[in-house]
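**Q** how does the following fold in three dimensions:
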Amino acid sequence: MRARLFLAVAVTLLAVSVPGRGLNADPGFSNKDLSGGYSGSGTGLLWFTPPGGSPPPFKLDLVTTSFTRYDGAGTCTGSVSQAQAPTFGGAPLATCTGTFSCTYSVNSDGTGTSTYTLTYTSGPCINSIVTDSFVLGERGELVNSVVTSDTIPAVDGTVTSIVAKETKTRQ
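**A** Take a look at the predicted model:
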């Protein structure tokens with residue numbers, strides 16, 4: 001009986017003393033937790049004000065699907081399909097496809113930021129640079145993100161507001 005108690009205490013002390021393996025150890029997240037291929041889908045709204053106010057500001061409803069390959073070291077590439085339509089009438093639904101390159105950084109608490117440089121290869125969409133904030137779930141198997149900025153370098157206008165979210169799942 002005494003030997004069993006001693007053995008139980010010894011095993012517990014050993015488990016707690018091994019770095020990164022203790023009962024309350026939390027090694028945290030890093031870029032390595034975001035690695036491999038992820039499929040995603042998202043929705044959003046974008047308010048755009050053209051230069052000089054002509055045409056008047058307009059709002060687009062967006063729906064996207066994407067595939068992103070993260071390298072576990074802070075860079076990524078992928079493809080995107082986007083459907084968009086003006087909310088207040090106007091042109092009919094437009095569909096665009098393209099590719100992107102991106103960088104990302106994962107904080108130890110599982111939050112992070114990423115920046116995507118989008119290049120559309122079909123449809124009327126305009127190339128842009130999108131930044132988002134994200135949180136990892138399921139130890140990196142799931143990525144939930146919210147767009148924080150959208151810059152359109154080729155157009156001298158202002159994206160005054162964007163509300164977009166996307167969920168990605170490791171494949």
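**Q** check contacts around the residue nearest the centre of the chain.
**A** The chain has Ser145 as the residue nearest its centroid, 4.5 Å off, counting by C-alpha atoms, centre = their mean. Counting by C-beta atoms under 8 Å, 6 or more residues apart in numbering, Ser145 makes contact with 42, 114, 132-135, 165-168. For every residue, glycine as well, the C-beta is placed using N, CA and C.
**Q** flag the least confident of those residues.
**A** Minimum pLDDT for these is recorded at Lys165 (78).
**Q** quick check: which ranges of this structure have low pLDDT?
**A** 1-27, 51, 53-56, 88-92, 154-163 (pLDDT under 70).
**Q** on that earlier part again, buried only: go through the contacts of Ser145 for me.
**A** 42, 114, 132, 134-135, 166, 168 (16 or more other C-beta atoms under 10 Å).
**Q** ok, of the contacts of Ser145, which one's closest to Gly36?
**A** Lys168 (10.7 Å; C-beta to C-beta).
**Q** who's the closest one bridged to?
**A** Residues in a beta bridge with Lys168, per DSSP bridges, are Gly40, Val143.
**Q** could you check how far it is from Ala73?
**A** 18 Å (C-beta to C-beta, to the nearest Å).
**Q** same question for Val135.
**A** Taking C-beta to C-beta, one finds Val135 at 20 Å from Ala73.
**Q** before we move on, what about Ser145?
**A** Taking C-beta to C-beta, one finds Ser145 at 19 Å from Ala73.
**Q** which stretches of this structure form helices?
**A** Taking DSSP state H as the test, the helices found in the chain are 2-17.
**Q** and the strands in it?
**A** 35-49, 58-71, 75-86, 94-106, 111-122, 128-137, 142-151, 158-170 (DSSP state E).
**Q** wait, Asn45 sits on Val63?
**A** Residue 45: Leu, not Asn. No. Using C-beta atoms under 8 Å, Leu45 is not in contact with Val63; the gap is 10.9 Å.
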